[in-house]
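Q: no FASTA, just this:
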Ligand code: C5P
């Protein structure tokens, strides 16, 4: 999303200003061209040199700097931006913008830009809860400015409460949809991710190596394209993505219940989870002792969630994943037909850079119309983006009437 995008990072004068440096690093690594604009007070907390070094661009601090004005121009910055991110946004800055003041370079840039603006407030709890601040926030939201909520925790001033700036990774994630096309606007996409855990006793379970990275990337990509996303996630070590309804489950049965319930409000279901096909026939209430055995396990079959959705689907667009170690083409095509899917994403999990718990994937799309597309090795985010673009195309080919659910 950020590649080759022009981002203005506005930094106002709060202690969280130091975290803006980590945010800047994330943006630059993702390929954005970032121009930092600092208020006078922000420079008391962190030096422009830090941001200049990390961004590779001059830092803008002064509305009336003749050299900066000639090279960039305060309106030029506002004009060229694809996104304006204000992190941290102090009560003072929010108040100034809400009152129509533009008395420094940052407020002038915010006032002059047509790009989406995301405020990331950070301040003392009482300041945030002050009705004046809340009214300013509400007023700016009404005008179409975007806001993140400050998070609860221990504040630099010693207070406990809401007011902390969200983590740079969360800000980075939250801003992405503001750069995306909204071609899934009005659609609801349900995504499953991760493994399931099938318990043998209170301390042991059967599971697999799925990390959830692919499914989480798909959920974020769908959200970035404007969809409302419901993520049904097995046990993984990933933080819940921003602005996605995340439902956590453990077992295949729990995933089954959650998916069947929530699929009713979905236009698209993407089943990236690695669901356990079998579970132990009995779960012991107490930890099984070594001396008690068992030396063999009795297993029973779990419901095939995707198959059930496929057999009952009407105008739902249904996407499955096929993790295979051999005969990919035959297995993927068989699943596509048997489970009545629109698309299957197949990969060879025995390859080094594909499948479970790695950052990249090498996949092939098999569509119901018989077309096959081979994708090169890509990051999981890139695969997810390619998948969502493919879905947009497929939705365009479907007869009308899908969105009226
Ligand atoms: O048949 P197989 O398990 O290989 O198919 C994989 C696809 O089916 C994946 O999309 C997976 O999420 C889904 N699946 C399911 N319920 C199961 C097993 C797999 O929905 N019990």
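A: Done, it's in. Quick caveat, the model's predicted, so the values are computed rather than measured. Numbering: from 1, shown residues only.
Q: Quick one: name the residues of the stretch 201-350 of the chain near the ligand.
A: Contact residues, the stretch 201-350 of the chain versus the ligand (CB under 6 Å from any ligand atom): 252, 271, 273, 275, 277, 302, 304-306, 320-322, 335. The C-beta positions use only the backbone N, C-alpha and C, and glycine is treated the same way.
Q: if you look at those residues, which of them are in strands?
A: Cross-referencing those against strands under DSSP state E gives 271, 320-322.
Q: Okay, domains of the protein per the record?
A: Using automatic domain parsing, the domain parsing of the chain gives 6-178, 182-393.
Q: okay if I get those domains as JSON lines plus mean neighbour count?
A: Listed next are the domains of the chain as JSON lines, based on neighbours: other CB atoms under 10 Å:
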{"stretch": "domain 6-178", "mean neighbour count": "19"}
{"stretch": "domain 182-393", "mean neighbour count": "18"}
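Q: Give me the mean pLDDT for stretch 41-59.
A: Per-residue pLDDT over stretch 41-59 has a mean of 96.
Q: what's it in contact with?
A: Stretch 41-59 has contacts (CB atoms under 8 Å, 6 or more residues apart in numbering) with 9, 11-15, 17-18, 20-21, 24-25, 28, 33-38, 61, 68, 71-72, 90, 92.
Q: again, but for stretch 328-342
A: With contact meaning CB under 8 Å, 6+ apart, stretch 328-342 is reached by 304, 306-307, 310-311, 313, 317-320, 322, 324, 343-344, 346-348, 364, 366-368, 372, 394.
Q: Also stretch 155-175?
A: Residues from elsewhere that reach stretch 155-175, judged by CB under 8 Å, 6+ apart: 14-16, 19-20, 22-23, 25-27, 30, 83, 85, 87-88, 118, 120-129, 148-154, 220, 239, 241-243.
Q: swap the cut-off to 6 Å and go again
A: With contact meaning CB atoms under 6 Å, 6 or more residues apart in numbering, stretch 155-175 is reached by 15-16, 19, 22-23, 26, 85, 87-88, 118, 120, 122-125, 128, 148, 150-154, 241-242.
Q: Sort out for me which of those residues are in helices.
A: Cross-referencing the contacts of stretch 155-175 against helices under DSSP state H gives 19, 22-23, 26, 125, 128.
Q: Helices along the stretch 201-350 of the chain, start to end?
A: For the stretch 201-350 of the chain, applying DSSP state H, counting those that start in this stretch gives helices covering 213-224, 252-262, 305-312, 328-338.
Q: Of those, which shows the lowest average pLDDT?
A: Of all those, the minimum mean pLDDT falls on helix 328-338 (a mean of 93).
Q: Please look at residue 16 and residue 87 and confirm they touch.
A: No: taking contacts as CB atoms under 6 Å, residue 16 lies outside contact range of residue 87: 7.6 Å.
Q: Return the distance of residue 162 relative to residue 148.
A: Counting by CB to CB, to the nearest Å, the separation of residue 162 from residue 148 is 12 Å.
Q: ok and the residue in the stretch 101-250 of the chain nearest the ligand?
A: Across the stretch 101-250 of the chain, the shortest distance to the ligand (CB to the nearest ligand atom) belongs to residue 192, at 5.9 Å.
Q: Give me the three-state assignment for that residue.
A: Secondary structure, DSSP: H, G, I helix; E, B strand; the rest coil: residue 192 is strand.
Q: ok, it touching residue 275?
A: No: with contact defined as CB under 6 Å, residue 192 does not count as touching residue 275 (7.7 Å).
Q: Quick one: the strands in the stretch 301-405 of the chain, in order.
A: In the stretch 301-405 of the chain, the strands defined using DSSP state E, counting those that start in this stretch lie at 317-324, 343-348, 360-361, 363-367, 372-374, 378-379.
Q: Which members of the ones in helices among the contacts of stretch 155-175 are the farthest-apart pair?
A: 26 and 125 (26.7 Å; CB to CB).
Q: Now do the phi/psi pair for residue 303.
A: The phi and psi torsions at residue 303 (degrees, to the nearest 10) take the values phi -60, psi 140.
Q: what sits against it?
A: residue 256.
Q: among the strands of the stretch 301-405 of the chain, which gets the worst mean confidence?
A: Note on the strands of the stretch 301-405 of the chain: strand 360-361 shows the lowest mean pLDDT, a mean of 90.
Q: Now do that strand: everything it contacts.
A: Strand 360-361 is contacted from outside by 347, 353-354, 377, 379-380, 383, using CB under 6 Å, 6+ apart.
Q: Which of those fall within helices?
A: Among the contacts of strand 360-361, the members falling in helices (DSSP H) are 380, 383.
Q: Same list, the contacts of strand 360-361, but as CSV with distance to residue 225 please.
A: Compiled in CSV, the contacts of strand 360-361 are given as follows (distance: CB to CB, whole Å):
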residue, distance to residue 225
347, 22
353, 26
354, 24
377, 23
379, 17
380, 16
383, 15
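Q: ok, which pair from the contacts of strand 360-361 is furthest apart?
A: 347 and 379 (13.7 Å).
Q: what residues are up against residue 193?
A: 212, 215-216, 233, 272-273.
Q: residues touching residue 98, list them.
A: By CB under 6 Å, 6+ apart, residue 98 lies in contact with 136, 139-140.
Q: Now, those residues that are in helices?
A: If you go by DSSP H, the contacts of residue 98 have 136, 139-140 in helices.
Q: Centroid-nearest residue for this protein?
A: residue 220 (3.4 Å; CA atoms, centre = their mean).
Q: Right, I'll call it a day here.
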